[in-house]
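Colleague: fold the following and give me the result.
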Amino acid sequence: MRIRTASLAIAAAVWISGALSARAEDGAAVFAATTLDLSADGRAEVAPDLATIQVGVHAEAPTASAALAKQRAEMNTVFATLRAQGLADRDIQTSELSLSPQYVDDAKSPRRLGSYQASNGVTVRLRDIARVGGVVDALVAAGANEIDGIGFGLSDPGAAEDVARRAALKALQAKADLYAAATGYRIRRLVRLSESGGLQPQPMGIMAMRRMATPVAAGALTVQVGVTAEYELVR
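Modeller: Next comes the predicted model:
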């Protein structure tokens, strides 16, 4: 039994040694390959077709209930105006609701409660860029006294992203061919490819609005896709 056990142990050791040697040889072969790591960007400039507006009502009153009541009445008018402008419920979303006490600090007297402030904000998505200025004017006339920002985007960026991808791959392949030829190699295969990208707003002009509306610059959007690749080269 002892002799058999020793024989099995020796056989196992020989098998493990052979397996490790084979893996080492495979690793050496991979390590010996000449590779080229490159990256390239592709861009597509498109006009936005979606505007996002942050708008709200800020109210102040001596009591919390009075501040909320004042804000509620004005906000109901804002909601009614949004619907009158043709916006669907799916394009109106509450983004802020707050109520906070406001204190008065006076060096001549102790700190005291002065009033309460109530705020209610909504995020509005407008799918007709040409109407942005007019909608903002209508909201302010309805009682909105906070405009926290406006952004532009694409309702479906897929087509623009594909244009940017093709441009990135074309630039990547041209760069790979140049490096291979300049170093006396040729490309054998593509080993690895990865992507990164996103929208990058870049103002490129002012979109015309109605003469009486608040002027808004919609500009253009740059959709950028970056690709990184590893190529194997051979002589």
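Colleague: need the phi and psi values for the residue nearest to Ser39 when sequence neighbours are not counted.
Modeller: For Ser39, ignoring the flanking residues on the chain, the nearest one in space by C-beta to C-beta, 6 or more residues apart in numbering is Thr228 at 4.3 Å. Using the backbone N, CA and C atoms, a C-beta is placed for each residue, glycine as well. Backbone torsions for Thr228, taken as degrees, to the nearest 10, come to phi -130, psi 140.
Colleague: elements contacting whichever strand or helix holds Ser115?
Modeller: In this structure, Ser115 is located in strand 109-126 according to DSSP states H and E. Here strand 109-126 touches strand 50-61, helix 64-84, strand 92-106, helix 132-141, strand 146-153, going by 3 or more C-beta pairs under 8 Å, 6 or more residues apart in numbering; DSSP states H and E.
Colleague: mean neighbour count for these - can I get that in a markdown table?
Modeller: Rendered in a markdown table, the data for the helices and strands packed on strand 109-126 read as follows (neighbours: other C-beta atoms under 10 Å):
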| stretch | mean neighbour count |
| --- | --- |
| strand 50-61 | 20 |
| helix 64-84 | 17 |
| strand 92-106 | 12 |
| helix 132-141 | 19 |
| strand 146-153 | 15 |
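Colleague: looking at the ones you listed, which is nearest to Lys170?
Modeller: Go through the helices and strands packed on strand 109-126 one by one with C-beta to C-beta and the one that ends up closest to Lys170 is strand 146-153, at 25.9 Å.
Colleague: put the alpha carbons of the closest one into PDB.
Modeller: Once non-C-alpha atoms are left out, strand 146-153 reads as follows in PDB (Å, rounded to 0.1, in the frame of the first residue of the first chain):
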ATOM      1  CA  GLU A 146     -38.000  80.300  -9.600                       C
ATOM      2  CA  ILE A 147     -36.300  79.200 -12.800                       C
ATOM      3  CA  ASP A 148     -33.400  76.900 -11.700                       C
ATOM      4  CA  GLY A 149     -32.000  75.900 -15.000                       C
ATOM      5  CA  ILE A 150     -32.700  74.600 -18.500                       C
ATOM      6  CA  GLY A 151     -31.000  71.800 -20.300                       C
ATOM      7  CA  PHE A 152     -31.200  70.300 -23.800                       C
ATOM      8  CA  GLY A 153     -31.100  66.700 -25.000                       C
END
